[in-house]
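# have a look; sequence and predicted model below, questions after that.
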Amino acid sequence: QVQLVESGGGLVQAGGSLRLSCAPSGRTFSRYAMGWFRQAPGKEREFVAVINWNGGSTYYADSAKGRFTISRDNAKNTVYLEMNSPKPEDTAVYYCAASGSSWPPSTFSDFHSWGQGTQVTVSS
C-alpha cells in the first residue's frame, strides 16, 4: 500500500476554481492509476475521476465531466484535481486513492490505498 496525503482544500465560491493535490508519503506512485473520490455528509463515497499510470488516459464521473480535470506529474510524484466552476453540491471531503486494478478503476474496491481527505466547501 501507498500512504497518500491530500492538500489544497478549502472554501471556494461557486464559479471559482480550486486545485487539489495528492502526493505519496515516502514512495513513488508512478506504477499506479490514481483517482479522486468524494464524500458529502450523509452520503456514500463516490467516484470523481481517475488517471492512468502515465497520464495518457483519464475517466470521469458524469458529475465531473467538463468541469474537473485530473492530471499527474510523475516527476513531482503528484496528482492533481483541478475544479473549475464548482457548485455548492460539490461540497465534500475529497480523497485521493491508488489503484492497480484493470482500466478504468472507478469503484471503492478497485483502490487499495487512500489518503485522509481534504475538505472542499463551495459557497453560493
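Arrived safely, thanks for sending.

# CA only for contacts and neighbour counts going forward, please
Will do.

# tell me how far the spatially most central residue of the chain lies from Val79.
In the chain, the centroid-proximal residue (C-alpha atoms, centre = their mean) is Trp36; its distance is 2.3 Å. Distance of Trp36 to Val79, given as C-alpha to C-alpha, to the nearest Å: 9 Å.

# what mean pLDDT does stretch 36-51 have?
For stretch 36-51, mean pLDDT is 97.

# in that stretch, which residues are buried?
Within stretch 36-51, the residues that qualify as buried are Trp36, Phe37, Arg38, Gln39, Ala40, Arg45, Glu46, Phe47, Val48, Ala49, Val50, Ile51, counting by 16 or more other C-alpha atoms under 10 Å.

# among those residues, which are in strands?
Taking DSSP state E, the ones among the buried residues of stretch 36-51 that sit in strands are Trp36, Phe37, Arg38, Gln39, Glu46, Phe47, Val48, Ala49, Val50, Ile51.

# if I look at the second one, how far off is Tyr59?
For Phe37, the distance to Tyr59 (C-alpha to C-alpha) stands at 12 Å.

# anything in contact with each of the two?
Ala49 (C-alpha atoms under 8 Å, 6 or more residues apart in numbering).

# just checking, Val2 touches Ala23?
No - checked against C-alpha atoms under 8 Å, the pair Val2 and Ala23 is beyond contact range at 9.7 Å.

# neighbour count winner among the two?
Just comparing Val2 and Ala23: by other C-alpha atoms under 10 Å the higher neighbour count belongs to Ala23, 23 against 19.

# tell me which helix or strand that one sits in.
Using DSSP states H and E, Ala23 sits in strand 17-24.
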